[in-house]
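> what follows is a protein structure lacking sequence information:
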Ligand SMILES: [Zn+2]
């Protein structure tokens, strides 16, 4: 297990240098959503936290669903299927779509790990990562396409 963690961190470090900014895309993170992701990450510490994000048709972030990580792991996550389904149903009722997820890195930076990159199958999915490895929690957003990490510029709404 320890070896697997080291391998995935090495992969993440390799990919770090390949991350590029997407100049055309900028996400605005409402303060409540920013706050909720960080609080859920802290609540689940030292395990990884996870959740889902709903967007409206205009691409605005509307909702964060804090979900159970059924893996109960410090290095990986799986959103509880029943909660995933519940989030999709709730979002649909509001006219939103579940367009991304967030998870935390309890001891490391807010950058996709080798495992995150390998497991990213949907190029349109938004991946938010909360890094608790530094003094201040950090939230970053990515798209992962063909194993290529594209950081999405974001700012917290005031
Ligand atoms: Zn991760």
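Yep, it's here. Being a predicted model, the structure only gives us computed values, none of them experimental.
> which stretches of this protein have low pLDDT?
Across the chain, the stretches falling below the confidence threshold (pLDDT under 70) are 1-24, 158.
> where do the strands of it begin and end?
Ranges of strands within the chain are 20-29, 50-55, 61-67, 97-105, 126-131, 138-145, 148-156, based on DSSP state E.
> can you list those strands in a markdown table and add mean neighbour count?
The C-beta positions use only the backbone N, C-alpha and C, and glycine is treated the same way. Formatted as a markdown table, the strands of the chain follow (neighbours: other C-beta atoms under 10 Å):
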| stretch | mean neighbour count |
| --- | --- |
| strand 20-29 | 13 |
| strand 50-55 | 24 |
| strand 61-67 | 21 |
| strand 97-105 | 23 |
| strand 126-131 | 23 |
| strand 138-145 | 19 |
| strand 148-156 | 16 |
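> between the ones you listed, which gets nearest to residue 74?
Across the strands of the chain, residue 74 has its closest neighbour in strand 97-105 (9.4 Å, C-beta to C-beta).
> turn the strands of the chain into TSV, columns for distance to the ion.
Shown next, in TSV, are the strands of the chain (distance: least, C-beta to the ion, whole Å):
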stretch	distance to the ion
strand 20-29	18
strand 50-55	9
strand 61-67	15
strand 97-105	5
strand 126-131	6
strand 138-145	10
strand 148-156	11
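> by proximity to the ion, which residue of this protein wins?
Of all residues in the chain, residue 116 sits closest to the ion, at 4.0 Å by C-beta to the ion.
> so residue 74 makes contact with residue 107?
Yes: Residue 74 lies in contact with residue 107 (C-beta atoms under 8 Å); the separation is 7.4 Å.
> neighbour count: these two, which is higher?
Neighbour count, other C-beta atoms under 10 Å: between residue 74 and residue 107, residue 74 has more, with 17 against 14.
> for residue 63, list each beta-bridge partner.
Beta bridges link residue 63 to residue 54, judged by DSSP bridges.
> spit out the residues that contact residue 74 and residue 107 alike.
Residues within reach of residue 74 and of residue 107 at once, by C-beta atoms under 8 Å, 6 or more residues apart in numbering, are residue 46.
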